[in-house]
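Engineer: Return a 3D structure for these sequence lines:
(chains A and B)
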2 protein chains.
Amino acid sequence: MNKEDYFIKQFSKNKIIGDDGAVIGKYVYSQDAFFENVHFKKEWMSLKQIAYKSMIVNISDAIVMNAIPKYALLSVAIPKTYSNEDLKELAKGFKKAAMQFDIEIIGGDTISNEKLDISITIVSKTNKPVYRNGIKKNDLVCFTGTLGESKRDLNRLFNNEKVSNKSKFIKPKLKQDFFYEIAPLINAAMDISDGLFFDLEKLSQQSKVGFEFFYEIDEFRGTSGEEYEILFAFDEKNKNKIEEIAKKHKVKLNIFAKAKKGKYETKAKKHHF
Amino acid sequence: MNKEDYFIKQFSKNKIIGDDGAVIGKYVYSQDAFFENVHFKKEWMSLKQIAYKSMIVNISDAIVMNAIPKYALLSVAIPKTYSNEDLKELAKGFKKAAMQFDIEIIGGDTISNEKLDISITIVSKTNKPVYRNGIKKNDLVCFTGTLGESKRDLNRLFNNEKVSNKSKFIKPKLKQDFFYEIAPLINAAMDISDGLFFDLEKLSQQSKVGFEFFYEIDEFRGTSGEEYEILFAFDEKNKNKIEEIAKKHKVKLNIFAKAKKGKYETKAKKHHF
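Structural biologist: Next up is the predicted model:
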């Protein structure tokens, strides 16, 4: 068990922990850290891109729970060396994401630190949350879009190569309109942040099911993290409706597995930098 | 203007920012960072004490807005060198504070980092929030307890001297029962975290008043941060009632100033470490 999981286990009597967000009444709370040298290196992205991505990865958690993000709290640790121009760029990135998703930045904390470390809390509203634990036996399991781009671009960045500003690794693209429309038709969902195989393991643990793959997914794609594609499961009877909604929103669907009795564990090694 | 203030100014169209917490309907959201080498050095306190204090300083923000803390989200960046025993100690500190204030830890994020950096969001409920901006001309201004202990003990720690486990710097003591009882009788409040003089400056900005001191407060006490005493203002007609409540809860009151037209600015230098 890695240290993060061991630490979380200390609180595990609490059933709310373990999903993308915590549901309390009609509100969903999600909090994620976005730290320099843990989630990004400053050479890789502009400050505006960093701030924007830090918001988007948090907003993604809200969306896949079928919640509408409403408010954000930003805790930003800022290096002493940053100029006012740098701070403006950072603020622009936060505000760009806030505007795009109609989120109000309501507070937080700003401190002076050695590196740029961001923690964001998103408060969202939902009428019917979608959890990770709702998969039923024989449900079809699907992910959106394509996988592998983020891992490819992360590798390039590690090799000091350039990547496109449009790369999903730099600028994740969320599929909120598609997701909100399929939400009533699905049984479980999460975003692909650690990589498909690792995220499937979490779904397996939460829903207490295994998965029978329809085709092989290679390790490169299966371990590409920070894709922010959506991984979800649904009853076969809703397949046509979901495919229609996907077509309308131009979202590619990959129905790659079926839920079955048992459990799913991957042997792939988690990428840590 | 320091960098933190400059950064916050980028969001300043938002009126909610600038208080201890952000009020949305009946909920108050407060988020504060508690970072190694910014707020503490690891030699100064046990991991349990660090985790406990990181919760308490956040809970303090909720209390001074007259809100009952209900839920906490913890974002914890953990050094790779920490043992499982260390993680258990950390968790114990968080859980101790949560139990003391009947708070449910509902989620958050755990990452691997160079140092121990904690960001906490507290979700609280209030029927009648107390803000920083409610002071009226001629209001009496008061702080609880005594000031100076935290600065004295912080200086000792910087000199590698020992301080008591009971020091307010190690273990802040909140006065929630007293505060909730006086809340209907006061016009504004905040906790003393930066030091009385700096916090008075914030009250002055928010309430657009100045202060006439009844007696001199020396610079050592006036600049002692992290006291977590309560600074509040009230109409003179409520003085007797407030004094009775203070007596009942054995809280020392220091009515040291009166609000007047104008503004208050301190020349004292902020302590940064």
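
Engineer: contacts, neighbours, all on C-alpha from now
Structural biologist: Fine.

Engineer: Tell me how far A:Glu181 lies from B:Lys80.
Structural biologist: Counting by C-alpha to C-alpha, to the nearest Å, the gap from A:Glu181 to B:Lys80 is 42 Å.

Engineer: can you pull out the strands in chain A?
Structural biologist: Assignment of strands within chain A using DSSP state E yields the ranges A:22-24, A:27-35, A:68-79, A:104-113, A:117-125, A:140-144, A:188-191, A:210-213, A:230-234, A:253-260.

Engineer: Dump those strands into a markdown table; add mean pLDDT, distance to chain B and mean neighbour count as well.
Structural biologist: What follows is the strands of chain A, written out as a markdown table (pLDDT from 0 to 100; distance: least, C-alpha to the nearest C-alpha, whole Å; neighbours: other C-alpha atoms under 10 Å in any protein chain shown):
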| stretch | mean pLDDT | distance to chain B | mean neighbour count |
| --- | --- | --- | --- |
| strand A:22-24 | 92 | 6 | 21 |
| strand A:27-35 | 94 | 5 | 26 |
| strand A:68-79 | 96 | 6 | 23 |
| strand A:104-113 | 91 | 5 | 22 |
| strand A:117-125 | 96 | 7 | 26 |
| strand A:140-144 | 98 | 24 | 22 |
| strand A:188-191 | 96 | 15 | 27 |
| strand A:210-213 | 97 | 25 | 19 |
| strand A:230-234 | 98 | 20 | 26 |
| strand A:253-260 | 98 | 27 | 19 |
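
Engineer: out of those, nearest to B:Leu73?
Structural biologist: Among the strands of chain A, the nearest to B:Leu73 by C-alpha to C-alpha is strand A:27-35 (6.8 Å).

Engineer: quick one: contacts for the residue lying closest to A:Ser75 once chain neighbours are set aside?
Structural biologist: Closest residue to A:Ser75 apart from its sequence neighbours, by C-alpha to C-alpha, 6 or more residues apart in numbering or on different chains: A:Asp109 at 4.6 Å. If you count contacts by C-alpha atoms under 8 Å, 6 or more residues apart in numbering or on different chains, A:Asp109 has them with A:74-76, B:31-33.

Engineer: what do you get for A:Lys48?
Structural biologist: Neighbouring residues of A:Lys48 by C-alpha under 8 Å, 6+ apart: A:89-94.

Engineer: For those residues, pick the one with the most neighbours.
Structural biologist: A:Phe94 (24 neighbours; other C-alpha atoms under 10 Å in any protein chain shown).

Engineer: who touches A:Ala51 in this structure?
Structural biologist: Contacts of A:Ala51 by C-alpha under 8 Å, 6+ apart are A:90-94.

Engineer: In the stretch 151-273 of chain A, where is pLDDT below threshold?
Structural biologist: For the stretch 151-273 of chain A, the stretches flagged by pLDDT under 70 are A:271-273.

Engineer: List, one by one, the residues from chain A near chain B.
Structural biologist: Residues of chain A lying near chain B by C-alpha under 8 Å from any C-alpha of the partner chain: A:3-4, A:6-8, A:10-11, A:14, A:16-18, A:21-22, A:30-33, A:38, A:73-75, A:84, A:87-88, A:91, A:105-113, A:119, A:121.

Engineer: List the residues that contact A:Lys261.
Structural biologist: A:137, A:208-211.

Engineer: do that again at 6 Å, thanks
Structural biologist: A:209-210 (C-alpha atoms under 6 Å, 6 or more residues apart in numbering or on different chains).

Engineer: Could I get the full set of helices for the stretch 151-273 of chain A?
Structural biologist: A:176-182, A:196-207, A:219-222, A:239-248 (DSSP state H, counting those that start in this stretch).

Engineer: Would you format these as a markdown table with distance to A:Val141 and mean neighbour count included?
Structural biologist: Below are these laid out as a markdown table (distance: least, C-alpha to C-alpha, whole Å; neighbours: other C-alpha atoms under 10 Å in any protein chain shown):
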| stretch | distance to A:Val141 | mean neighbour count |
| --- | --- | --- |
| helix A:176-182 | 14 | 17 |
| helix A:196-207 | 10 | 22 |
| helix A:219-222 | 14 | 18 |
| helix A:239-248 | 11 | 14 |
